[in-house]
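Asker: What follows is a predicted structure for the sequence shown.
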Amino acid sequence: MFPDQDSLPVNCALIRYNVLEGLGGFQDNSIDYCHIRFMNMSLTSEQYAKVVKECWRVLKPGGYLEMLETDLTIHSPGPTIERLNRKGNYSP
C-alpha cells in the first residue's frame with residue numbers, strides 16, 4: 001500500500017497506526033505532518049474528537065494536520081433521497 005521506503009526522502013517515514021489506541025508511541029510536538037482520512041464514516045463523534053486531539057498533541061508547532069473527509073449529503077437528489085437528507089438518515 002505504501003511506496004518503498006527506498007523511494008522516499010530520507011527525512012520521511014510513512015506509518016500506519018490504530019488511532020483508537022491513541023498515538024502514545026509519539027511524544028508531544030514530535031511530528032511535522034499527520035494525515036487522516038475517511039474517519040467520519042468509521043468513528044463515533046467522541047472517537048473522532050479524541051483522534052483529532054491526539055493528532056494536535058503530537059504535531060510540532062507549525063506542523064500540518066491534513067484531514068480528508070467526504071460529504072455524505074447527496075446533492076441534486078430525487079424525492080426519496082431528499083427526504084433522507086433532511087432526516088440525516090442514510091439507511092433504508
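Answerer: The structure has been received and is ready for your questions. Numbers count the residues shown, from 1 in each chain.
Asker: Validate this expectation: Glu46 resides in a helix.
Answerer: Yes - counting by DSSP: H, G, I helix; E, B strand; the rest coil, Glu46 is found in a helix.
Asker: what's the first-to-last distance across stretch 4-19?
Answerer: 23 Å (C-alpha to C-alpha, to the nearest Å).
Asker: Is it correct that Gly25 is in contact with Tyr17?
Answerer: Yes - under the criterion of C-beta atoms under 8 Å, Gly25 makes contact with Tyr17 at 7.4 Å. Every C-beta, even on glycine, is put in place using the N, C-alpha and C of the backbone.
Asker: between the two, who's got more neighbours?
Answerer: Neighbour count, other C-beta atoms under 10 Å: between Gly25 and Tyr17, Tyr17 has more, with 14 against 10.
Asker: so who does the nearest residue to Leu8 once chain neighbours are set aside touch?
Answerer: Closest residue in space to Leu8, ignoring its immediate chain neighbours: Leu14 at 7.1 Å, by C-beta to C-beta, 6 or more residues apart in numbering. Neighbouring residues of Leu14 by C-beta atoms under 8 Å, 6 or more residues apart in numbering: Phe2, Pro3, Gln5, Leu8.
Asker: center of this protein, which residue is that?
Answerer: By C-alpha atoms, centre = their mean, the chain has its centre lying nearest to Ile36, at 2.8 Å.
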